[in-house]
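Enquirer: I'll drop the sequence and a predicted model, then ask my questions.
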Amino acid sequence: MMGRLMKSAFVALFLLVIAGPLAAEAPHFDRAPLSIRTTEGKEITLDVEWAIAPEEREHGLMFRKELGDDQGMIFDFGTVRDVMMWMKNTPLSLDMVFIGEDGRVKRVASRTTPFSEAIVGSGTPVRYVLEIRGGRAAALGIGEGAEVTLTPPAGASD
């Protein structure tokens, strides 16, 4: 009995040490600048990573411990639909900016809860979601009605 327990513990430790880091390995994300004009006319440029492929969108910003003031990730769902996001495995609080196909901000979910499995919904059909560090949308003046200019990285498909 003790031998089986030791063997099981060894296998569990091996999987934790070897497979754990592999599970957290992020896919490659292409980067491109993203421009936002607030409803007050302020122009903002962010350096964003594009999550276009399903595996990119599934991984998103999970496991990230840092995100710069002018950095983020844009999720392109390729079609207009109701979008549901969550914060599982995400240690940072994020603002989720829900954007319609026309580039207009439809909703901002501010300061989402790290590691939460609660669903954060778009509330209306959208094509894109921009994730930035929690509190940055308010600090930059990004709110409903802001205009986002979306220029996917070279080689990205619509």
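Expert: Yes, it's here. As the structure is a prediction and not an experimental result, all values here were calculated from the model.
Enquirer: List of residues touching the longest strand along the chain?
Expert: For the chain, the strand with the greatest residue count under DSSP state E is strand 71-81. Strand 71-81 is touched from outside by 29, 34, 46-52, 57, 60-61, 83, 85, 100-101, 125-133, 150, 152, 156, 158, with contacts defined as CB atoms under 8 Å, 6 or more residues apart in numbering. C-betas here are computed from N, CA, C, even on glycine.
Enquirer: Can you flag the buried ones in the residues you listed?
Expert: Buried by 16 or more other CB atoms under 10 Å: 29, 34, 46, 48-52, 57, 60-61, 83, 85, 100, 126-133, 150, out of those.
Enquirer: The contacts of strand 71-81 in helices, which ones?
Expert: Assignment to helices by DSSP state H places the following of the contacts of strand 71-81 there: Arg57.
Enquirer: Please tell me I have it right and Asp70 contacts Ser35.
Expert: No - counting by CB atoms under 8 Å, Asp70 stays clear of Ser35, with 11.6 Å between them.
Enquirer: helix or strand for Ala138, which one?
Expert: Secondary structure here is read from DSSP states H and E; on that basis Ala138 sits in helix 136-140.
Enquirer: So for stretch 29-42, mean pLDDT?
Expert: The predicted model gives stretch 29-42 an average pLDDT of 96.
Enquirer: quick one: buried residues of it?
Expert: For stretch 29-42, a neighbour-count test (16+ other CB under 10 Å) marks 29, 32, 34, 36-38 as buried.
Enquirer: mind giving me TSV with those residues and columns for distance to Gly121?
Expert: Supplementary listing: the buried residues of stretch 29-42 in TSV, determined by distance: CB to CB, whole Å:
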residue	distance to Gly121
Phe29	24
Ala32	26
Leu34	22
Ile36	22
Arg37	25
Thr38	24
